[in-house]
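Novice: what would the 3D arrangement of this be:
(6 chains)
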4 protein chains.
Amino acid sequence: MSEKMIVEEKIFTQKGWETREKLLIAAEEVFGKKGYYEASIVNITQEAKVAHGTFYNYFPSKKEIFDELIRYYNRELRLAIKDEMKQAVNYEDAQRKGFKAFFNWVKNRRNLYSIVQQAIVVDQELYRWYYDKLAIGFLKSLSEGIQAGEFKTIDQETVAYCLMAIGQFLGMRWVYWEQQDVPEEVFDSAMKLIFEGLRK
Amino acid sequence: MSEKMIVEEKIFTQKGWETREKLLIAAEEVFGKKGYYEASIVNITQEAKVAHGTFYNYFPSKKEIFDELIRYYNRELRLAIKDEMKQAVNYEDAQRKGFKAFFNWVKNRRNLYSIVQQAIVVDQELYRWYYDKLAIGFLKSLSEGIQAGEFKTIDQETVAYCLMAIGQFLGMRWVYWEQQDVPEEVFDSAMKLIFEGLRK
Amino acid sequence: MSEKMIVEEKIFTQKGWETREKLLIAAEEVFGKKGYYEASIVNITQEAKVAHGTFYNYFPSKKEIFDELIRYYNRELRLAIKDEMKQAVNYEDAQRKGFKAFFNWVKNRRNLYSIVQQAIVVDQELYRWYYDKLAIGFLKSLSEGIQAGEFKTIDQETVAYCLMAIGQFLGMRWVYWEQQDVPEEVFDSAMKLIFEGLRK
Amino acid sequence: MSEKMIVEEKIFTQKGWETREKLLIAAEEVFGKKGYYEASIVNITQEAKVAHGTFYNYFPSKKEIFDELIRYYNRELRLAIKDEMKQAVNYEDAQRKGFKAFFNWVKNRRNLYSIVQQAIVVDQELYRWYYDKLAIGFLKSLSEGIQAGEFKTIDQETVAYCLMAIGQFLGMRWVYWEQQDVPEEVFDSAMKLIFEGLRK
DNA sequence: AATGAATGAGAGTTCATTCAT
DNA sequence: TATGAATGAACTCTCATTCAT
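Specialist: Alright, predicted model coming up:
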């Protein structure tokens, strides 16, 4: 007698669930390395070491597994950032810790980072959803920082977008392209810009 | 008697040159609207109102015309920004004017903006080249602003990336997604962040 | 202690037999609605509310269950026609009652009617078998009608085929396509043609 | 300088037109022999001795070439019947000649006959269209025969359907199944039934 | 220079069937 | 007996590229 799992109205046995996981992990690898359009289902099933047809027992289409990856890891990232921010001593520290957590996540999930960027082309709605979701976390922390009198009274949404932008570009530049941690001095320079501004 | 043109070791007649132009303009439209992978050569030749085979008289591959677009318009964008910055009364104003010019360019070249983002998937090297090229302009102006004592002494490259990031995200958010100008108050908020920082 | 049933050298328990029945009923529905080629085994097992693999415990292939349906319901139709004909007061009446019974059967077994037509594509031999079997009934009654001096001396096989043809087309036209009974006046016109001919 | 042809908004050169013809002839053969669902595009292109992809230069889908065959040959058949009927000395003779022409057509176009029957499964609308189109010819001739006082006053539509039914079944039985002409005595028996009726 | 017919590799997807549990 | 995961061959369709005219 085997235990069953139910996901989105589909029922899986333990074995089925494991196959699904294998496919997701394989897709992360393949989409990350080759890009959505260059990647084929065969690439994914070979990476997962299952038969071609097995893919369609678990995902109705190539696009669907892509969506699933984005949505699943968006949640993972947000939780990771949130967890880190909770440890902060003040709101500035919270923002710094948020950035650190983000860079860390990119480092550990290089493929996922790439996949998210691909969404710009593959599904703009999804890409927008991704950043809107992410923005909410920044917004909340900014808002509290303002209320606490730690931050200036600002257009929170705009600033949230600016902060995400900076995180995104530095992550791309250093962690994704150069495959290293964001250097300390770069991180400090960015934080300095954010908290003190450019003008002398 | 026809005049000839030489581009990258190829010789064109006047008529040939015009056909090439038609194809580039069509490619901009088609790549912009459908995306690189969804677009086919036939789409481009139909848009250009030439025969299918004509394409390969001018470009060796689909990828090549994509590259050409990116490189050509990268130059156009940089010139547009430079031109605008020249009019500035000081370095802060130059940065502001640079942003304005960028948003303006996105507005007038929506398709191109989209195409550049597609490079993330199509050719990461090219994408990097694009932003490295762009960064140089920001860098130069920043550098002069520091030398003139108008800006803090900062890690110029990092700040250049941060500024590009902000421009990129706000352009995406407002001009590309919402299809409107960046609202004045959003622009001001971003500038305020950049020049004064977040801390109270 | 369970009772066993034996069908074509296979032994079934009561439960097994019921599963088999469920599959046949489901197949009738699915083949009827979607057609043989559009229908999948999964469609059938889902309709029957059994597991995918269960199908192959009862039928060796998709084709086999199709055959079984055709053969089973061919017998049912012939019995229905025969039963009705038995009530007739003379041979002309028998033919009329035979037609009525046929139209009635199409009405109540729309799916089956469709399935029989599919045999044209799926298995021409089977289709031929179906109509040869059906023809025998017509033949017998015609033959008796002639012997009784009620009908002309005719080429019985040809006339049997003509009668089947008329039944088939009127059934298709009215009962299957229009989903209604064959209108009385249509029925009468056809009978008039059959019994009196076209010439003035 | 090559001559061009325009068909349904597509332009063909002479060569292209010939390829299209080759494909139609091949499809007639393949659909006729294997049936619509068992036939693959590869079967057709191999029969036509062209590359796989060439098919899609001329027909947007498998279904489309099937439709084209049916519609094209429906017209051919109707013209053939009409031509033959024109030679008739009276309306009864016209009907006889119509049947003859039909059987002749089936004989020369065995594959087409099969293909038309497949439409029952592949596209019921098309099948209905086919017989509705055909019925019109019968109707017209019947109508004139009545007006001329040669035929009884009857429900013309119903009788038209009955006549088509008989033609269809005899064609199937003899020409298609047995691959021979409809025997003279069979033809005569059917005509006798049609014109004189069954009752003594 | 311009044309468009021809090509064939390769894509995503389906599904009858097998089989271990 | 019942299950549903796994398989892989076969399908339709796409399209970048080549090439004869």
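Novice: residues in contact with stretch A:163-182?
Specialist: For stretch A:163-182, contacts defined as Cβ atoms under 8 Å, 6 or more residues apart in numbering or on different chains pick out A:95, A:98-99, A:102-103, A:106-107, A:110, A:113-114, A:117, A:131, A:134-135, A:138, A:142, A:183, A:186-187, A:190, A:193-194, B:128, B:158, B:161-162, B:164-166, B:168-170. Bear in mind the C-beta positions are built from the backbone N, C-alpha and C, glycine included.
Novice: out of those residues, which are buried?
Specialist: Neighbour counting with 16 or more other Cβ atoms under 10 Å in any protein chain shown marks A:95, A:98-99, A:102-103, A:106-107, A:110, A:113-114, A:117, A:131, A:134-135, A:138, A:142, A:186-187, A:190, A:193-194, B:128, B:158, B:161-162, B:164-166, B:168-170 as buried within these.
Novice: return the subset of the residues you listed lying in helices.
Specialist: If you go by DSSP state H, those have A:95, A:98-99, A:102-103, A:106-107, A:110, A:113-114, A:117, A:131, A:134-135, A:138, A:142, A:186-187, A:190, A:193-194, B:128, B:158, B:161-162, B:164-166, B:168-170 in helices.
Novice: and DNA strand E, which of the residues you listed reach it?
Specialist: Near DNA strand E, judged by Cβ under 7 Å from any atom of the strand, there are no entries from these.
Novice: what number of residues lie near the closest residue to residue A:196 other than its chain neighbours?
Specialist: Nearest non-adjacent residue to residue A:196, counting by Cβ to Cβ, 6 or more residues apart in numbering or on different chains: residue B:197, 3.9 Å away. Per other Cβ atoms under 10 Å in any protein chain shown, the neighbour tally for residue B:197 reads 19.
Novice: how about the contacts made by residue B:197?
Specialist: Here residue B:197 is in contact with A:192, A:193, A:194, A:195, A:196, A:197, A:198 (Cβ under 8 Å, 6+ apart).
Novice: with pLDDT and distance to residue B:153 added, can I get those residues in JSON lines?
Specialist: Compiled in JSON lines, the contacts of residue B:197 are given as follows (pLDDT from 0 to 100; distance: Cβ to Cβ, whole Å):
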{"residue": "A:192", "pLDDT": "94", "distance to residue B:153": "11"}
{"residue": "A:193", "pLDDT": "94", "distance to residue B:153": "12"}
{"residue": "A:194", "pLDDT": "94", "distance to residue B:153": "17"}
{"residue": "A:195", "pLDDT": "94", "distance to residue B:153": "16"}
{"residue": "A:196", "pLDDT": "91", "distance to residue B:153": "12"}
{"residue": "A:197", "pLDDT": "82", "distance to residue B:153": "14"}
{"residue": "A:198", "pLDDT": "79", "distance to residue B:153": "11"}
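Novice: which single one of these is nearest to residue C:24?
Specialist: Among the contacts of residue B:197, residue A:194 lies closest to residue C:24 (Cβ to Cβ), at 71.6 Å.
Novice: poorly predicted segments of chain A, please.
Specialist: A:1-9 (pLDDT under 70).
Novice: make it 50
Specialist: A:1-2 (pLDDT under 50).
Novice: residues from it in reach of DNA strand F?
Specialist: A:11-13, A:15-16, A:18-19, A:50-54, A:56-57.
Novice: count of neighbours near residue A:111?
Specialist: Neighbours around residue A:111, by other Cβ under 10 Å: 18.
Novice: where does chain A get nearest to DNA strand F, residue-wise?
Specialist: Nearest residue of chain A to DNA strand F, counting by Cβ to the nearest atom of the strand: residue A:53, 1.5 Å away.
Novice: residue A:70 in helix, strand or coil?
Specialist: Using DSSP: H, G, I helix; E, B strand; the rest coil, the structure places residue A:70 in helix.
Novice: my guess is it contacts residue A:117. True?
Specialist: No - look at residue A:70 against residue A:117 with Cβ atoms under 8 Å: they stay out of range, at 10.7 Å.
Novice: next one: the residue nearest to residue A:196 from residue C:42, what distance?
Specialist: 62 Å (Cβ to Cβ, to the nearest Å).
Novice: residue A:187 now?
Specialist: From residue A:187 to residue C:42 the distance is 55 Å (Cβ to Cβ).
Novice: tell me the contacts of residue A:43?
Specialist: A:30, A:34.
Novice: for the helix or strand that contains it, which positions count as buried?
Specialist: Following DSSP states H and E, one finds residue A:43 within helix A:41-48. Under the neighbour-count criterion of 16+ other Cβ under 10 Å, helix A:41-48 has A:41, A:43, A:44, A:45, A:47, A:48 buried.
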